[in-house]
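Q: All I have is the shape, not the residue letters:
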RNA sequence: GGGAAAAUAGCUCAGUGGUAGAGCGGUUGCCUGUUAAGCAACAUGUCGGAGGUUCAAUCCCUUCUUUUCCCGCCA
């Protein structure tokens, strides 16, 4: 007897062989003489139907084969007499690994709200929706590694605990072994971090970029793919306190190369998902967003629109649309502005050349003295899915910017040194992994594309 | 961090100043292969917590908690 997963079983052409399948019961229906068990093992969105004859299985036994129960079925794979499926298992033996009392098991056969499922995040992977989302998430993660590996990039593991707080990407979570009720103090009353585990103040990383640059200036092409932590009190469907980010960093790349790579990568990932997650995406398209597949295909088909920040402001000023906030050169683009730009161009838009005062210190300064070589990629509904830039490789210019923006340079000495020793043009960007999964799955809340979301006031599970 | 809405059965929601209802789910029964099966019957409950107004509060008021949405921060 062969022990197989359901995905493989549904693809086998032949019938007649004995098979063993283990999985979770999605539903059971039938009558006194026959029971039909929908079994899912997570390998695919599709279930296999197991048929239990009352001559072999008692009513009393089948009572425990209820929605949510985990069982192993052995029997013959046969052509189905019903119309809903090509093959089914004629059960000879059923072993119950674990029951799920129907009176208290929270998942029903019928649909649940996504809000409710968030409250039972320990069980929601057993639903069609989350099974699909988590499988797509996996394939995208794999595709990212494949994309970069195939291009000769090296995966660099940047630290999760960081001693630098100068990255400026957001509020940070402190890391300490202190007893918070009784922290050591210096003579002037401040917390004495010299007695803490690392002997200095440490935080969870908000970005691996600065360390990524160090790798790029040695290995040439690197990318990071790891957890990232932001202690911002962000209450939106697009923000997480703990999320995964992909940050490639490339030596000898300018802002144009950077855009080319980012666009190629996004298209590769969407195409990969369409090819490898067809069944799951079809399900999501049917259940949540009828335009999903069309939108995914449209992203692959045409080039992303590329405009400068200055052009974007011009478009927003002359479009005639009334905005709540006026678009004005020197100010950040509002959500409503981003939405307009994406709608106006009918797809992803890359905006470059932002005013230097609204961007980070490390971005390459343009000769105009006003703008930097930043790029944001704006996606429909999601907004900023990628943020990146060419980096300032000139030591004097970088140092000047660090001083202007009052960034403590003592903690960045190692970063600044790379511009003293064998500096070179380089560029990189950050892709929010969950925002990518959001776009590909058509989900609308980022809390539904990560197994156990961390958001303000929520760290359950 | 700013703003708005919401919290009633296991779930989705309706509802009323006199302590509550539907659909689904559940339980039981019927039906010889079903497809979110069908038919019938039954049971659902501190109406989010704490105060207050009132003869009486699930309903009105205050406050707290949580959730969702919009904005900001960003990926």
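A: Everything's here; your move. Everything numeric in this text was worked out from a predicted model, so none of it was measured. Numbering: from 1, shown residues only, chains lettered A, B, ... in the order given.
Q: For the stretch 51-200 of chain A, which residue gets nearest to RNA strand B?
A: Closest residue of the stretch 51-200 of chain A to RNA strand B, C-beta to the nearest atom of the strand: residue A:82 (1.6 Å). For glycine as for every other residue, the C-beta is placed from the backbone atoms N, C-alpha and C.
Q: Do I have it right that that residue meets residue A:38?
A: No - using C-beta atoms under 8 Å, residue A:82 makes no contact with residue A:38, being 11.9 Å away.
Q: shaky segments in the stretch 151-300 of chain A?
A: Low-confidence segments of the stretch 151-300 of chain A (pLDDT under 70): A:165-169.
Q: Show me which residues of it are close to RNA strand B?
A: A:169-170, A:207, A:230, A:232-241, A:243, A:245 (C-beta under 7 Å from any atom of the strand).
Q: In PyMOL, select just the buried ones from the residues you listed.
A: Listed next is the PyMOL selection for buried residues among those, using 16 or more other C-beta atoms under 10 Å:
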select buried, chain A and resi 169+207+230+238+239+240+241+243+245
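Q: Show me the helices in chain A, by range?
A: A:6-11, A:59-62, A:114-119, A:128-150, A:209-219, A:255-276, A:278-287, A:292-301, A:309-318, A:335-345, A:395-404, A:413-417, A:433-441 (DSSP state H).
Q: I'd like a version of those in TSV, one that adds distance to residue A:352 as further columns.
A: Formatted as TSV, those follow (distance: least, C-beta to C-beta, whole Å):
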stretch	distance to residue A:352
helix A:6-11	43
helix A:59-62	64
helix A:114-119	36
helix A:128-150	23
helix A:209-219	18
helix A:255-276	6
helix A:278-287	31
helix A:292-301	19
helix A:309-318	7
helix A:335-345	13
helix A:395-404	18
helix A:413-417	24
helix A:433-441	20
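Q: Mean neighbour count added to the ones you listed, as JSON lines?
A: JSON lines is the format used below for the helices of chain A (neighbours: other C-beta atoms under 10 Å):
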{"stretch": "helix A:6-11", "mean neighbour count": "16"}
{"stretch": "helix A:59-62", "mean neighbour count": "11"}
{"stretch": "helix A:114-119", "mean neighbour count": "15"}
{"stretch": "helix A:128-150", "mean neighbour count": "19"}
{"stretch": "helix A:209-219", "mean neighbour count": "21"}
{"stretch": "helix A:255-276", "mean neighbour count": "19"}
{"stretch": "helix A:278-287", "mean neighbour count": "17"}
{"stretch": "helix A:292-301", "mean neighbour count": "16"}
{"stretch": "helix A:309-318", "mean neighbour count": "17"}
{"stretch": "helix A:335-345", "mean neighbour count": "17"}
{"stretch": "helix A:395-404", "mean neighbour count": "15"}
{"stretch": "helix A:413-417", "mean neighbour count": "13"}
{"stretch": "helix A:433-441", "mean neighbour count": "25"}
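Q: Show the contacting residues for residue A:461.
A: Neighbouring residues of residue A:461 by C-beta atoms under 8 Å, 6 or more residues apart in numbering: A:121, A:122, A:452.
Q: Most neighbours among these, please name it.
A: Of all these, the most densely surrounded is residue A:121 (18 neighbours; neighbours counted as other C-beta atoms under 10 Å).
Q: any idea how far residue A:354 is from that residue?
A: 37 Å (C-beta to C-beta, to the nearest Å).
Q: Repeat that for residue A:120.
A: Remark: distance between residue A:120 and residue A:354 (C-beta to C-beta) = 43 Å.
Q: so where's the stretch 1-150 of chain A uncertain?
A: A:1-2, A:13.
Q: Tell me the residues of it that contact RNA strand B?
A: Proximity of the stretch 1-150 of chain A to RNA strand B, by C-beta under 7 Å from any atom of the strand, involves residues A:27, A:29-34, A:36, A:38, A:49, A:51, A:63, A:66-67, A:80-85, A:88, A:90, A:102-103, A:106, A:108-113, A:115-116, A:118.
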